[in-house]
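*Asks:* Got a sequence here, can you build the structure:
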Amino acid sequence: MDTNTENKACNCFTETLNRVKEHLTEQGKIPADAIDVSFGWQGQTYMLSGGQYAPVNPKIEVKFRAAKKSGGHARNLTKNELSIVASHCCYCGREYQRDNG
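*Replies:* Just a heads-up that it's a prediction; the model follows:
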């Protein structure tokens, strides 16, 4: 494996999606006579600023029961989620090059 990835495009997400597609097809999980078959990342990101980026970024889910002023804790869970914009590819570890404009 070539470790000099500084000036090369990172295609890890595309390659991984293609490997999953091939694997599921070869295993017969996708019927040979199926039509309109599509594969895509859930939660895909589109960045308006240029540069390189991960098309899918890690999502963190937060859940907790808040303390009530009268004591005890709330019956219902408070839920929130946020996404982290990755600065490195989670597959090859290559740092993404961002546009500074």
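
*Asks:* Which parts of the protein are helices?
*Replies:* Ranges of helices within the chain are 12-26, based on DSSP state H.

*Asks:* Using the centroid of it, identify the residue furthest from it.
*Replies:* When distances are taken from the C-alpha mean of the chain, S70 lies farthest, 41.0 Å away, according to CA atoms, centre = their mean.

*Asks:* got a pLDDT number for it?
*Replies:* At S70, the pLDDT value in this model is 94.

*Asks:* quick one: it and L77, what's the gap?
*Replies:* 19 Å (CB to CB, to the nearest Å). All C-beta spots, glycine's among them, are computed from the backbone N, C-alpha and C.

*Asks:* dump the residue contacts of the residue nearest the centre of the chain.
*Replies:* Nearest to the geometric centre of the chain sits V56, at 2.8 Å (CA atoms, centre = their mean). Residues near V56 by CB atoms under 8 Å, 6 or more residues apart in numbering: F13, W41, Q42, G43, Q44, T45.

*Asks:* Most neighbours among those residues, which one?
*Replies:* F13 (16 neighbours; other CB atoms under 10 Å).

*Asks:* what about the nearest residue to C92 once chain neighbours are set aside, how many residues close to it?
*Replies:* Leaving aside its chain neighbours, C92 sits nearest to C12 (5.4 Å; criterion: CB to CB, 6 or more residues apart in numbering). Neighbour count of C12, defined by other CB under 10 Å: 16.

*Asks:* mind checking how far C12 is from Y91?
*Replies:* 4 Å.

*Asks:* Specify which residues of the chain, grouped into ranges, have pLDDT under the cut-off.
*Replies:* Counting by pLDDT under 70, the chain shows low-confidence ranges at 1-8, 100-101.
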